[in-house]
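*Asks:* predicted model and sequence follow; I will ask about them next.
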Amino acid sequence: MDANLISFLKHELHIIALAIMFTVYVAKVLWILRFKPMVERTPAKGNERKAIATSFFSIAMPWSMESTRKKWYKWVEFSIFHIGIAFAIITSFMVSFGSVGAIEGGAFQRFLQIIFVASLVVSLVRTSRRVFSPVNRAISHPDDYFSIGMMVVWFSLAVLFVFEPHNTLKMGLYLAVTAFLIAYVPFSKMSHYIMWPFARYYFGKHFGHRGVYPKIKGT
Amino acid sequence: MGNQTNKSERVSAAVQSFQKKMNRQSIISFGVCVHCGMCTESCHYYLATHDTRMAPAYKADRVRKLYKKYFDWTGKLLPRWVGAGDLESESDLQELMDVVFGSCTMCRRCTFNCPMGVDKALLMRIARGVLFEQGVAPKGVIDVAKDQWETGNQMGISDEEYLETIEWLTEELQAELDDPTFEIPIDKKNCNIVYAVNPREIKYAPLSLMAAAKIFYVAKESWTMSSKGWDNTNFGLFAGDNALGAHMGNLVFDSVERLNGKMLVTSECGHGYRATAWESPNWTGRDLKFPIYNFLEIMQDYVLSGRIILDSSLVPYKVTYHDPCNLSRSGGITEEPRFLLTRSVAEFIEMHPNRADNFCCTGGGGAMSMSEYAKRRLETAIVKANQLKSTGADIVATACHNCVDGLTDLIKHYKLNMKVKLVGELVADAMVFEKVVAVPVHKVAVPAEKVILIVDDEPDVVTFLSTLFIDNGFRTLTAASYEQAMEILALEQPDLITLDLIMPGTNGLDLYHTLRTDNEFKEIPIVFVTGVNPDNPKQLDHRKFIYEHQLPKPDGFVEKPIDKEFLLMTVRKCLEQKVST
């Protein structure tokens, strides 16, 4: 791949994509804050702060919900998938604003290879579930299929790149798709992580206020 | 705000109402769902049917499509891409009603199983409110809400009937406790507790109010009930109508302030407690000067402080506990009933799952008033039935009148050998009195020679009822069908009629219709004494029948198998009210 194009993908395009994402995210947060929150007028029965903290950390406590207790493998999939996303983004930053050498050789490259392959497998499993599970099909829209499809493509390119970091074609494709995703995310379901902190905060605040959460352990 | 030119006025109004109801929590719950499907198996509607349309995320999407269309940026540009949609016609409103009223009890079990924290019950309630404002709601919900607006209570009980019932219960308890000074205080000022009840306790199920009165008596509590604003239930919660919610909240709060009570205590009613203690202060915008407790908390306090003493051997049964959704997932009350039951019954056994993981009784969210969805409700109740069955308990205790009705219905439908009782009733049974005086019920004063017409096609039941009534000082007439009943009525007018609804040919409801629309008979009190035909639950759809024919509610309702004491109590209450009117 042409060196100028690689340079554009590494720098200008990446920065443009990040600028779009940042702008839309800020606008989205401001938009959320425009809506008035429901406020409890009663004195709190439970510990709101503890509940809010528990609500945020529930992501790392699969035992705290029946759904993740029973479908523990989905929680494992979720963990791998999101760790994969985090490192796929970190890798793109390292390559764009550092050098390929930063990820080359040693345990870190091996780790990236493992996590990207695992994430690719998980994204394929999730794609098949979205297509073949009647319930998931019923609750899916084109954005759901496109988003998971893009993750398959992205992880595939990440795998190809991380096994051969000096191949400029693979690097170029990986960076281009990364930039596309960064810019597309705010307009898709993938933007859920902007709303997630709000959702967990209000979940903890509401149910913590009433003494419902953190849940008293059932049996 | 989108093209609404082709919509009917009502549909346009519904869409506008939806947009006005958005707040921060709701837009977050609308926007954060990733359609992962983790909530699917938390819902009893889905578990019982495996119908994808019953998956919580699917149901929420029927409402979410409006958010996507009117609020989501991508949805405004590419609606199909993100599942955005609109309400276009009257049939869309009806379909939405089927989802938000008929397929969800707003139990919040899915909320607690959502990794994102989507409060689907909140979304359902918003949609209910949108529809309710336009008059699109199950008839039972509309009627009950109307009763609350007009009479201040959900059963349309008049002031006279309320006060007479309290007076009658006082007399019953004076006899039972052998204490002529006992009273259920009304409008007593400066008491410690102002006690608000579920109208079901006044109309059909006085045992729980009697139990509470006994407990207050033994605990030597300073308490009162109010002559106005005594209904702790609130259909504003179920109908998504915050204005009704505030109206009912204001009535109860005004009572406490008028009587200068130190605290407000709600009886064992799940949604009543949630609405009164948690939602009404928000709906009314009032900063209350008094605390609000559930009766379970008060009873626990009495036991801890030694004000009442319990003897678990007095209740020699295996008892399990059903956590009402509005207490366990929306009210923070899970341990108090366990504290009480482990001290009140011979054997307490946990139901699984329990506490905030428990399944809905299937009668929540106002479902018991929606007769059009009764078949679906009972079908999905298999989940709860299996849960109950696996406990092997004799009695399922709960702390909610709605749950009592829901559980009783499903127990009959699935033929489980189990009774339903409120926690307070069991606590009262286990309570050690300083002076225990057993007074047989027939010693309570009964007007002499009152005549009761028993209408029932089962000879065994007729014999049982006749014997019971004759032993207790009544005279009886019997009829096995509509025709026989009309023949007898042409010859002699009884003081009260007990009526079986399930009879061959012309059924009991037709007789009820005839009697209630005939000037000659319409003043005769009628008590339904009936069972459920499990093969045809519609046969017992008396609520729908009564609503549709605009008939008054029956004066009493006793389900088979018949609880003798409850039947006698109901009959006496009806007769006393007849005398006083």
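*Replies:* Arrived safely, thanks for sending.
*Asks:* pLDDT of the one helix or strand B:Arg64 maps to, averaged?
*Replies:* Following DSSP states H and E, one finds B:Arg64 within helix B:56-70. Average pLDDT, helix B:56-70: 98.
*Asks:* chain center to the lowest-mean-pLDDT helix or strand in chain A: distance?
*Replies:* When each helix and strand of chain A is scored by mean pLDDT, DSSP states H and E, helix A:3-8 comes last, with a mean of 90. Helix A:3-8 sits 28 Å away from the centroid of its parent chain (Cα atoms, centre = their mean, to the nearest Å).
*Asks:* buried sites along the helix or strand just after that helix?
*Replies:* For helix A:3-8, the succeeding helix or strand toward the C-terminus, using DSSP H and E, is helix A:14-34. Neighbour-count burial for helix A:14-34, counted by 16 or more other Cβ atoms under 10 Å in any protein chain shown, picks out A:His14, A:Ala17, A:Ile20, A:Met21, A:Val24, A:Lys28, A:Ile32. The C-beta positions use only the backbone N, C-alpha and C, and glycine is treated the same way.
*Asks:* considering only the residues you listed, which also neighbour chain B?
*Replies:* By Cβ under 8 Å from any Cβ of the partner chain, the members of these lying near chain B are A:Ile32.
*Asks:* which of the buried residues of helix A:14-34 lies closest to B:Phe253?
*Replies:* Nearest to B:Phe253 among the buried residues of helix A:14-34: A:Ile32, at 32.8 Å, using Cβ to Cβ.
*Asks:* which residues does that closest one contact?
*Replies:* A:Met195, A:Phe198, B:Arg24, B:Ile27, B:Ile28 (Cβ atoms under 8 Å, 6 or more residues apart in numbering or on different chains).
*Asks:* who are the packing partners of the helix holding B:Arg64?
*Replies:* Contacts defined by 3 or more Cβ pairs under 8 Å, 6 or more residues apart in numbering or on different chains; DSSP states H and E place helix B:56-70 against helix B:9-20, helix B:24-31, helix B:73-77, helix B:79-82, helix B:90-100, helix B:120-133.
*Asks:* and with 10 Å instead?
*Replies:* Applying 3 or more Cβ pairs under 10 Å, 6 or more residues apart in numbering or on different chains; DSSP states H and E, we find helix B:56-70 packed against helix A:134-138, helix B:9-20, helix B:24-31, helix B:44-49, helix B:73-77, helix B:79-82, helix B:90-100, helix B:120-133.
*Asks:* most packed of those helices?
*Replies:* Among the helices and strands packed on helix B:56-70, helix B:120-133 has the highest mean neighbour count (mean count of other Cβ atoms under 10 Å in any protein chain shown), at a mean of 25.
*Asks:* show me the contacts for the residue nearest the centre of chain A.
*Replies:* In chain A, the residue lying closest to the centroid (Cα atoms, centre = their mean) is A:His82, at 5.0 Å. Counting by Cβ atoms under 10 Å, 6 or more residues apart in numbering or on different chains, A:His82 makes contact with A:Ile59, A:Ser119, A:Val122, A:Tyr193.
*Asks:* next, the buried residues of the helix or strand containing it.
*Replies:* Per DSSP H and E, A:His82 falls inside helix A:72-97. By neighbour count on 16+ other Cβ under 10 Å, the buried set for helix A:72-97 is A:74-75, A:77-78, A:80-81, A:84-85, A:87-88, A:91-92, A:94-96.
*Asks:* whichever residue of chain A sits closest to chain B and A:Ala44, how far apart?
*Replies:* Across chain A, the shortest distance to chain B (Cβ to the nearest Cβ) belongs to A:Gly211, at 3.0 Å. Distance, A:Gly211 to A:Ala44, using Cβ to Cβ, to the nearest Å: 8 Å.
*Asks:* more neighbours, these two?
*Replies:* Neighbours were counted for A:Gly211 and for A:Ala44 using other Cβ atoms under 10 Å in any protein chain shown; A:Gly211 has more, 18 against 14.
*Asks:* I'd say the more buried one and B:Thr334 touch.
*Replies:* Yes - judged on Cβ atoms under 10 Å, A:Gly211 makes contact with B:Thr334 at a distance of 9.3 Å.
*Asks:* quick revisit: give me the common contacts of A:Gly211 and A:Ala44.
*Replies:* Taking Cβ under 10 Å, 6+ apart as the criterion, A:Gly211 and A:Ala44 both touch A:Ala51.
*Asks:* show me which residues of the stretch 51-200 of chain B sit near chain A.
*Replies:* For the stretch 51-200 of chain B, the residues found near chain A under the criterion Cβ under 10 Å from any Cβ of the partner chain are B:51-61, B:65, B:68, B:71-75, B:77-84, B:108-119, B:122.
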